[in-house]
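Undergrad: could you work out the structure for the sequence below:
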Amino acid sequence: MLGKSSIFITAVAFATQVIAHGYVPQIKIGTQYIAGWDVTKDPYVTPQPIRVVRATKPDSGYIADPLSGDITCSIGNSHLPPGPTQATVAAGGSVTMLWNTWPLGHYGPVMNYMARCPTSDCSTFKGDTGSPWFKIQQDSYSNGVWASDVLVNNNYSYTVHISRNIASGAYLLRHENLALHAGSNLGGAQFYSICVQLTVTGGGSLNPSGLSFPGVYKPTDPGILFNVYQGDAANRAYVPPGGPVYSGLQF
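TA: Residues are numbered from 1 along each chain as shown. Predicted coordinates for the structure are as follows:
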């Protein structure tokens with residue numbers, strides 16, 4: 001039976017874990033700041049606000065099962081937005097994700113994917129069937145530092161670059177932090193993915209695809225079942241899941 005001090009320590013540890021989970025309440029395109037999904041406010045507003053960042057259930061928890069349907073666009077991916085809204089970005093431009101927080105030591109890569117929406121906006125597109133996704137950018141381990149800690153040291157921000165030669169149109173941008181501090185155990189990896197609804201303008205003719213969410217990740221992938229504490233040499237050899245960045249993209 002736990003004593004009072006043990007119960008208190010357990011409660012504090014749990015509360016700290018919950019508070020530590022990050023989300024993206026704002027994005028930046030050029031000089032424009034655009035509201036994302038704020039898990040502390042937006043779930044409690046009626047009617048639900050329409051945001052360019054897909055809603056999640058009212059917490060900032062992670063996805064543990066990469067085979068889950070939630071892996072596509074975060075917890076509650078089955079819930080589509082209540083109306084159409086898109087953020088506009090020029091091909092060759094960038095989208096900066098402004099996280100509310102991310103804990104140092106939640107080591108892992110940052111990965112980014114896009115999927116072309118079948119209509120002029122993404123409000124009816126879940127992205128969870130077929131293979132519409134392609135990887136556009138990833139950062140993992142460099143100069144002794146994991147990408148997750150680079151994000152922290154950059155004021156909790158991460159800039160995603162949009163290829164200048166993809167076709168113009170509506171896209172989901174899937175941005176993901178993969179926390180591997182418990183990744184040495186099967187099921188220990190923590191996936192934090194969010195989707196942003198974008199309209200890309202001034203693009204080219206490239207129409208990439210080929211990846212599925214769920215589908216492209218497996219629990220036993222070497223980039224998911226991975227021990228980040230085994231040393232610098234092993235970390236430098238780390239390969240993120242989801243394959244390489246799509247060849248032919250121009251930045």
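Undergrad: going forward, measure contacts between C-alpha atoms and count neighbours the same way
TA: Fine.
Undergrad: the stretch 101-250 of the chain: helices as residue ranges?
TA: With helices called from DSSP state H, counting those that start in this stretch, the stretch 101-250 of the chain shows them at 147-153, 232-236.
Undergrad: measure the residue nearest the centre of the chain to Ser68 for me?
TA: In the chain, the C-alpha nearest the mean C-alpha coordinate belongs to Glu176, at 2.1 Å (CA atoms, centre = their mean). As judged by CA to CA, to the nearest Å, Glu176 and Ser68 stand 15 Å apart.
Undergrad: re the thing from before, just the helices of the stretch 101-250 of the chain: most buried one?
TA: helix 147-153 (a mean of 20; mean count of other CA atoms under 10 Å).
Undergrad: ok, and what's touching it?
TA: 101-110, 139-141, 157-158, 177, 179 (CA atoms under 8 Å, 6 or more residues apart in numbering).
Undergrad: avg pLDDT for it?
TA: For helix 147-153, the mean pLDDT works out to 97.
Undergrad: distance of the closest residue to Ser140 other than its chain neighbours relative to Leu198?
TA: The shortest distance from Ser140 to any residue other than its chain neighbours is 4.1 Å, reached at Pro109 (CA to CA, 6 or more residues apart in numbering). Applying CA to CA, the value for Pro109 to Leu198 is 23 Å.
Undergrad: so where do the strands sit in the stretch 101-250 of the chain?
TA: Ranges of strands in the stretch 101-250 of the chain, per DSSP state E, counting those that start in this stretch, are 110-116, 133-139, 141-142, 145-146, 157-161, 169-179, 190-201.
Undergrad: for Leu249, find the nearest of the ones you listed.
TA: Taking CA to CA, strand 133-139 is the member of these nearest to Leu249, at 7.5 Å.
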